[in-house]
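Participant: Sharing a sequence plus its predicted fold:
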Amino acid sequence: MSTLKIATTQFELRAERSSDHFLAHVEGLVAKAAEQGAELILFPELASTGLLGAITDHTVTTKTIQSDYWNVLPTFTDDIVAGLRRIAAEHDIIVVGGSHNRVAEDKSLRNTAYVVHPDGRIESQDKLHLTPQERDLGARGGDDLLITEIGPFTVGLLICADIQYPELSRHLMRKGVDLILCPSLTWNRRGVHRVRTGCQARAIENQLYVVHSPLIGHSGLPEDAPMYAVGKALVTGPVDKTVGKNDGIMGITQTTEEDVLVVDLDHDLLLASREKPEAPGLKLHRPDLYAKLLSSTD
């Protein structure tokens, strides 16, 4: 079978009282996607940030946020991953459960996304390029890229800012990737534009599909400066006659509220696009020229 029905979420940031409360929120959207026949569902970057709402021993403010990201949010992650494994199995759907804070074995703070399969397998991807805010928290970026097989597609996962670095997507394409998943968290219109434009540009450059899931809304926390997350769920692909989308957009949410977007992705159509490309198709690349240009800058 050459198609994969995917769902991507426009996931509302709420003050979550517990990991069970958060997982119930997630499962409601998973059930909605599964009812529509989706085989995979994507959630956003730092999807569990709402669990700051579970803190009861102090007021969450900008003064406590660094400690909360290090000492509180990571304590929920194992339970969240276990819950995602149960949800994936019960609904028979691959749950790309967004990213979450964790403290790694080397004692560094990581922003890690999880791909949870119905058979219980769990794969993960650390965010590679950190924002200034993440660096200020003392977080560390990862060094490896996940490549996995889902249905007819070879899949990579790039978290938010990572989609804005074309070197990563080009490397994934050369390794056979033809579908990239992009969970994100952006809190201003500039960030929204960077991620959305990055998704569309990477799809055009590499003749592949990109699926984007943003966090939206706010939890009222930190109390002295609540973070407002914005964006629209998006599925984008090559811009050419074969795919037949003049703007490359396979689907985009039409609401500012929480939503699930379901789209069928056709692998054979992607292969046909690559076989007879319009500019700037992969078959029109000039790698010898690029190598010459790179060597001239050394």
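Facilitator: All right, it came through fine.
Participant: From Val210, how far out is Leu270?
Facilitator: 12 Å (CB to CB, to the nearest Å). (C-beta placed from N, C-alpha, C; glycine too.)
Participant: Who has more neighbours out of these two?
Facilitator: Neighbour tally, Leu270 and Val210, criterion other CB atoms under 10 Å: the higher count belongs to Val210, 27 against 22.
Participant: Please, which helix or strand holds the more buried one?
Facilitator: Using DSSP states H and E, Val210 falls within strand 209-216.
Participant: Give me the distance from that strand to the chain's centre.
Facilitator: Centroid displacement of strand 209-216 relative to its chain, using CA atoms, centre = their mean, to the nearest Å, is 6 Å.
Participant: next structured bit after that strand?
Facilitator: Per DSSP H and E, the first helix or strand lying C-terminal to strand 209-216 is strand 234-236.
Participant: which helices and strands does the helix or strand just after that following strand pack with?
Facilitator: Scanning forward in sequence from strand 234-236 by DSSP H and E, the next helix or strand is strand 249-252. Judged by 3 or more CB pairs under 8 Å, 6 or more residues apart in numbering; DSSP states H and E, strand 249-252 is in contact with strand 234-236, strand 259-266.
Participant: Report the distance from strand 249-252 to the chain centre.
Facilitator: Using CA atoms, centre = their mean, the mean C-alpha position of strand 249-252 is found 16 Å from that of the whole chain.
Participant: What of stretch 218-236?
Facilitator: Distance of stretch 218-236 from the chain centroid (CA atoms, centre = their mean) equals 15 Å.
Participant: Out of the helices and strands packed on strand 249-252, which is closest to Thr3?
Facilitator: Minimum separation from Thr3 across the helices and strands packed on strand 249-252 (CB to CB) falls at strand 259-266, 5.3 Å.
Participant: quick one: contacts for the closest residue to Asp92 other than its chain neighbours?
Facilitator: Distances taken as CB to CB, 6 or more residues apart in numbering place Pro118 nearest to Asp92, at 5.1 Å, with adjacent residues excluded. Neighbour list for Pro118: 88-89, 91-94 [criterion: CB atoms under 8 Å, 6 or more residues apart in numbering].
Participant: Can you find the helix or strand in the chain with the smallest mean pLDDT?
Facilitator: For the chain, the helix or strand with the lowest mean confidence is helix 287-296, at a mean of 89 (criterion: mean pLDDT, DSSP states H and E).
Participant: Could you pull out the helices in the stretch 101-250 of the chain for me?
Facilitator: For the stretch 101-250 of the chain, the helices defined by DSSP state H, counting those that start in this stretch cover 132-137, 166-174, 189-206.
Participant: Of those, flag the one that's most buried.
Facilitator: helix 189-206 (a mean of 19; mean count of other CB atoms under 10 Å).
Participant: Report the inter-axis angle for it versus strand 209-216.
Facilitator: Our comparison of helix 189-206 with strand 209-216, counting by axes from the mean of the first three to the mean of the last three CA atoms, to 10 degrees, yields an angle of 170 degrees.
Participant: can you give me how far stretch 140-148 is from the chain middle?
Facilitator: Distance, centroid of stretch 140-148 to centroid of chain: 13 Å (CA atoms, centre = their mean).
Participant: now do the same end-to-end measure for that stretch.
Facilitator: Counting by CA to CA, to the nearest Å, you get 23 Å between the two ends of stretch 140-148.
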